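Chemist: Here is my input, please return the structure:
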Amino acid sequence: MSMREHFQARGIAKSPSSMARTSKARPALALLLSFFVSPAPGLAADFPQAEISNGQITAKLYLPDAETGFYRSTRFDWSGDISSLQYKGHSFYEPWFDIVDPKVINFVFRGPQIVNGSCGALEGPVYEFQTPLGWDSAKPGGKFIKIGVGVLRKEDGTYNRFFPYQVLDPGKWTVRKHKDRIEFQQVLSAPDLGYAYVYLKVVRLTRGKPEMVIESSLKNTGQREIVSDVYAHNFTTIDHQPPGPDYQVSVPFQIQAAPQRNSELAEAEGNEVVYHKVLKDDEQAVVYMRGFSDSPKDNRITIMNKKKGAGVRISGDRPLLREFLWSIRTVIAVENYVAVDVQPGADFTWKNIYEYYTLPPAQ
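Modeler: This next block holds a predicted model:
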């Protein structure tokens, strides 16, 4: 059974009117987010969320809601936002920032604190459709679309994914919760822009294995071709260990690294990214990875902390469009981009698999 058939069998894809959760936008997103939000675990109960488990892995996810959701900004996809994941006593995803300030664009170091803007305030393998739809043809004050978010109002200047645009229409969201998986659907239609789609995502824990699978499908129900790119940001925080020589990050191919800054912090060596020191203060390590082929076999990432003896292997079923590593003192993120090109009436599917594992800790 295909993923679309799986949703149709449950009455989701063919019956948008029977939504389990429908979100309506307020006039201005800035008004929704004009406060400081602490990401401390004790506040998690204030937001719509769910927990799933397969007996080995336990994960908590925030749920999309334009009125009360933890994430209501405009960079990342609102579905499948994993706030924490535990396996064999190890933590893989936790908050990597201290507070959220909606006045901040991207993030800043403010004394000892990492202050995130509203657009980046998520953890775990969150998705972003980086290229918006209809931006170039819209005038300031007009409308454009961010897949997984909704119809947004265009501002003056060039597109900035770190800026929280006003959400005019978040579409119709459905969330179906099960013991070991959560199913999401966003139905969005903007006839005046020529775009419409049905976006499906399932976050599932594999039975009997320390594995999480994220399956996604994008159905183009509009009149215009959908061209974008999507990636998993993969904010990884293994047992809160700072990025440094205790981490091993590897891919299947020999990395042809582009010129980079701060190579004294980390750089590519063979098929690995090697840290030369533990990151601290406002240090940032960025490594752009080239040298992958057009085969999905190169869409593989391993992130392991040797000191803690815990790691994750990430594999995708689509060829890489680009890939790079970004890290600061609290988080490592390897971003694996794939191209999205969907003709009207067609479907585009992709999948990422996360295999968690442990080894004896290094002495």
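
Chemist: Check the gap between residue 197 and residue 92 for me.
Modeler: 31 Å (CB to CB, to the nearest Å). C-beta here means a position set from N, CA and C on the backbone, and glycine is covered the same way.

Chemist: Compare the two (neighbour count), which wins?
Modeler: More crowded of residue 197 and residue 92, by other CB atoms under 10 Å: residue 92, with 27 against 24.

Chemist: Alpha carbons only: can I get stretch 96-115 in PDB?
Modeler: Provided in PDB are the C-alpha atoms of stretch 96-115 (Å, rounded to 0.1, in the frame of the first residue of the first chain):
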ATOM      1  CA  TRP A  96      20.000  23.900  21.600                       C
ATOM      2  CA  PHE A  97      19.100  27.500  22.300                       C
ATOM      3  CA  ASP A  98      18.200  29.300  25.600                       C
ATOM      4  CA  ILE A  99      15.400  31.600  24.700                       C
ATOM      5  CA  VAL A 100      13.400  32.800  21.600                       C
ATOM      6  CA  ASP A 101      13.200  36.500  20.800                       C
ATOM      7  CA  PRO A 102      11.000  37.300  17.700                       C
ATOM      8  CA  LYS A 103      13.000  40.500  17.200                       C
ATOM      9  CA  VAL A 104      16.100  38.400  16.400                       C
ATOM     10  CA  ILE A 105      16.800  37.500  12.700                       C
ATOM     11  CA  ASN A 106      18.400  34.000  12.600                       C
ATOM     12  CA  PHE A 107      20.100  33.700  16.000                       C
ATOM     13  CA  VAL A 108      22.600  35.600  18.200                       C
ATOM     14  CA  PHE A 109      24.900  35.000  21.000                       C
ATOM     15  CA  ARG A 110      23.900  37.300  23.900                       C
ATOM     16  CA  GLY A 111      26.300  36.900  26.700                       C
ATOM     17  CA  PRO A 112      26.200  33.300  27.900                       C
ATOM     18  CA  GLN A 113      22.800  32.700  26.100                       C
ATOM     19  CA  ILE A 114      22.000  31.500  22.600                       C
ATOM     20  CA  VAL A 115      19.000  33.600  21.500                       C
END
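
Chemist: List the buried residues for it?
Modeler: 96, 97, 98, 99, 100, 101, 102, 104, 107, 114, 115 (16 or more other CB atoms under 10 Å).

Chemist: Helix, strand, or coil at residue 60?
Modeler: For residue 60, the assignment made with DSSP: H, G, I helix; E, B strand; the rest coil gives strand.

Chemist: got a list of what it touches?
Modeler: 44, 49, 50, 51, 82, 83, 84, 85 (CB atoms under 8 Å, 6 or more residues apart in numbering).

Chemist: Go through the helix or strand hosting the fourth one and flag the buried ones.
Modeler: Using DSSP states H and E, residue 51 sits within strand 49-53. By neighbour count, and taking 16+ other CB under 10 Å as the criterion, the buried residues in strand 49-53 are 49, 50, 52.

Chemist: ok, now stretch 292-300?
Modeler: Residues 292, 296, 298, 299, 300 are the ones in stretch 292-300 that count as buried (16+ other CB under 10 Å).

Chemist: those helices in the chain, which residues are they?
Modeler: Remark: helices assigned in the chain by DSSP state H are 3-9, 29-32.

Chemist: For these, which has the smallest mean pLDDT value?
Modeler: Among the helices of the chain, helix 29-32 carries the lowest mean pLDDT, at a mean of 36.

Chemist: related to what we said a few turns ago, okay, the buried residues of strand 49-53 in a markdown table with distance to residue 309 and pLDDT next?
Modeler: A markdown table is the format used below for the buried residues of strand 49-53 (distance: CB to CB, whole Å; pLDDT from 0 to 100):
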| residue | distance to residue 309 | pLDDT |
| --- | --- | --- |
| 49 | 29 | 95 |
| 50 | 29 | 96 |
| 52 | 25 | 98 |
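
Chemist: that older thread, any chance of the buried residues of stretch 96-115 in TSV, plus distance to residue 227 and pLDDT?
Modeler: Converted to TSV, these look like this (distance: CB to CB, whole Å; pLDDT from 0 to 100):
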residue	distance to residue 227	pLDDT
96	31	96
97	32	96
98	37	95
99	36	94
100	31	93
101	33	94
102	30	90
104	30	95
107	29	94
114	34	97
115	34	96
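
Chemist: So what's the gap between stretch 206-213 and the chain middle?
Modeler: Distance, stretch centre to chain centre, for stretch 206-213: 19 Å (CA atoms, centre = their mean, to the nearest Å).

Chemist: what comes up buried for it?
Modeler: Neighbour-count burial for stretch 206-213 [16+ other CB under 10 Å]: 206, 210, 211, 212, 213.

Chemist: Ok, stretch 84-91 next?
Modeler: 84, 85, 86, 87, 90, 91.

Chemist: repeat for stretch 60-73
Modeler: So, applying 16+ other CB under 10 Å, buried residues of stretch 60-73: 60, 61, 62, 63, 64, 65, 66, 69, 70, 71, 72, 73.

Chemist: biggest separation within these, which pair?
Modeler: Among these, the pair separated by the greatest distance (CB to CB) is 60 and 66, at 20.5 Å.

Chemist: what residue lies at the spatial centre of this structure?
Modeler: When CA atoms, centre = their mean is applied to the chain, the residue found nearest the centroid is residue 126 (1.4 Å).

Chemist: State the phi and psi torsions of that residue.
Modeler: When quoted as degrees, to the nearest 10, the phi and psi of residue 126 stand at phi -80, psi 150.

Chemist: shouldn't it be in contact with residue 230?
Modeler: No: Residue 126 is beyond contact range of residue 230, at 11.0 Å (criterion: CB atoms under 8 Å).

Chemist: care to break this protein down by domain?
Modeler: 3-232, 239-358 (automatic domain parsing).

Chemist: worst average pLDDT in those domains?
Modeler: Looking at those, the bottom one is domain 3-232 with a mean of 86.

Chemist: No further queries at this time; thank you.
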